[in-house]
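Peer 1: fold the following, please.
(one chain, ligands or ions: 1)
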Amino acid sequence: MGREEDYAEIARRQCERTAMIYYAFRKRGGTANDLVEMPAMKKLIGDVKGKRLLDAGCGFGSYSIYCAQQGATVTAVDISPTMIELAHKEATEAGVDIDFRIGDATNLKDIPRDTFEMAISSIVACFNMPLFFKEIGRVLKAAGSFCFSDVHPILGSGQKAGSKKDPARLVGRYFQRGLRTSANVFGKIDPSDEDYHWQWEQYTLGDYCTALRQAGFLIEALWEPEPDPATRHLNPELYERARRYPFFVLIRAIKMKA
Ligand SMILES: C[S@@+](CC[C@H](N)C(=O)[O-])C[C@H]1O[C@@H](n2cnc3c(N)ncnc32)[C@H](O)[C@@H]1O
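Peer 2: Below is the predicted model:
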């Protein structure tokens with residue numbers, strides 16, 4: 001099995017295994033996504049009205065539903081069948097019509113090139129970034145925009161330090177690329193429980209920029225957002241931590257002419 005197939009298989013297996021845990025974790029609210037990532041992504045995405053849009057790695061569909069409600073025509077792909085089932089349920093409850101598909105965002109074989117005016121993805125690039133960006137570049141029209149978020153690489157680069165109440169971060173292995181595993185990413189219970197372990201690929205911020213350029217993109221904005229003050233009440237302790245170091249990186253890139 002090649003490196004690429006390995007990653008798709010790792011992503012499929014772990015995302016399928018953790019789908020219900022992730023869903024419950026996000027539905028509880030007060031996560032870093034609620035405080036930092038979602039408010040910033042919505043600003044970065046901007047006006048989607050009338051656009052044909054791809055949500056790559058859509059999970060249970062929060063952004064797909066948001067974009068459909070804002071007037072986009074949305075195709076949404078996820079490698080986990082359970083996620084797609086949850087997304088269908090959420091979209092039905094929200095009363096929006098979305099073309100959900102089970103598929104690998106690094107190999108969108110059923111989607112022709114130059115299909116979309118816009119692509120978005122939230123915390124998906126960290127599985128196989130170079131191939132993922134190339135495939136997004138293939139299905140985007142020239143001058144189309146790609147807005148995505150990822151966990152900031154500084155978070156995966158070290159370990160927690162400081163007191164339990166005030167965990168700081170030590171940057172220990174920022175330049176050490178490769179597969180990483182961590183426990184407890186979903187707010188946890190039992191660190192020995194494998195269902196809570198998570199694997200991803202460590203990249204540096206420079207790697208994101210290089211891979212985008214190699215896939216034919218021009219970076220329009222790179223943003224390390226601070227938490228949205230309106231969300232502080234959701235989780236004051238997490239809010240204070242998120243004011244001190246970046247939890248996410250967001251990028252808007254434009255597909256250059258082929
Ligand atoms: C951290 S979750 C984020 C989900 C969603 N974007 C959100 O904001 O809630 C990562 C998602 O990416 C999906 N994923 C990972 N690798 C993928 C791939 N190669 N193709 C399609 N989906 C993938 C997973 O199944 C999972 O739903």
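Peer 1: three-state assignment of the residue in the stretch 51-200 of the chain positioned nearest to the ligand?
Peer 2: The ligand sits closest to Gly59 of the stretch 51-200 of the chain, with a gap of 2.5 Å, by Cβ to the nearest ligand atom. For every residue, glycine as well, the C-beta is placed using N, CA and C. Counting by DSSP: H, G, I helix; E, B strand; the rest coil, the backbone at Gly59 sits in coil.
Peer 1: now the nearest residue to Asn107 once chain neighbours are set aside: which helix or strand?
Peer 2: Nearest in space to Asn107, with sequence neighbours left out and distances taken as Cβ to Cβ, 6 or more residues apart in numbering, is Glu135 at 6.5 Å. Glu135 belongs to helix 129-139 when assigned by DSSP states H and E.
Peer 1: hmm, who's touching the helix or strand that that helix is followed by?
Peer 2: Where DSSP H and E defines the elements, the next helix or strand beyond helix 129-139 is strand 140-151. Strand 140-151 is contacted from outside by 37, 40-41, 44-45, 54, 114-126, 133, 136-137, 200, 208, 217, 220, 247-258, using Cβ atoms under 8 Å, 6 or more residues apart in numbering.
Peer 1: for the ligand, tell me which of the residues you listed show up nearby.
Peer 2: Intersecting these with the contacts of the ligand gives Ser122, Ile123, Val124 (criterion: Cβ under 6 Å from any ligand atom).
Peer 1: who are the neighbours in contact with Asp47?
Peer 2: Gln70 are the contacts of Asp47 under Cβ under 8 Å, 6+ apart.
Peer 1: so it is in which element?
Peer 2: Counting by DSSP H and E, no helix or strand carries Asp47.
Peer 1: worst-scoring helix or strand of the protein, pLDDT-wise?
Peer 2: When the helices and strands of the chain are scored by mean pLDDT, DSSP states H and E, strand 158-162 comes last with a mean of 60.
Peer 1: who are the neighbours of the strand or helix carrying Thr82, in terms of helices and strands?
Peer 2: Assigning secondary structure by DSSP H and E places Thr82 in helix 81-94. The contact analysis (3 or more Cβ pairs under 8 Å, 6 or more residues apart in numbering; DSSP states H and E) places helix 81-94 against helix 3-28, helix 62-69, strand 73-78, strand 99-102.
Peer 1: then Ala221 would be within a helix, right?
Peer 2: No: under the criterion used here (three-state DSSP), Ala221 is strand, not part of a helix.
Peer 1: that one reaches Leu44, doesn't it?
Peer 2: Yes: between Ala221 and Leu44 a contact is recorded at 6.8 Å, counting by Cβ atoms under 8 Å.
Peer 1: OK, contacts around the residue lying closest to Gly61 once chain neighbours are set aside?
Peer 2: Computed as Cβ to Cβ, 6+ apart, the closest residue to Gly61 that is not its neighbour in sequence is Ala87, at 3.2 Å. With contact set as Cβ under 8 Å, 6+ apart, Ala87 has these partners: Cys58, Gly59, Phe60, Gly61, Ser64, Ala76, Asp78, Ile98, Phe100.
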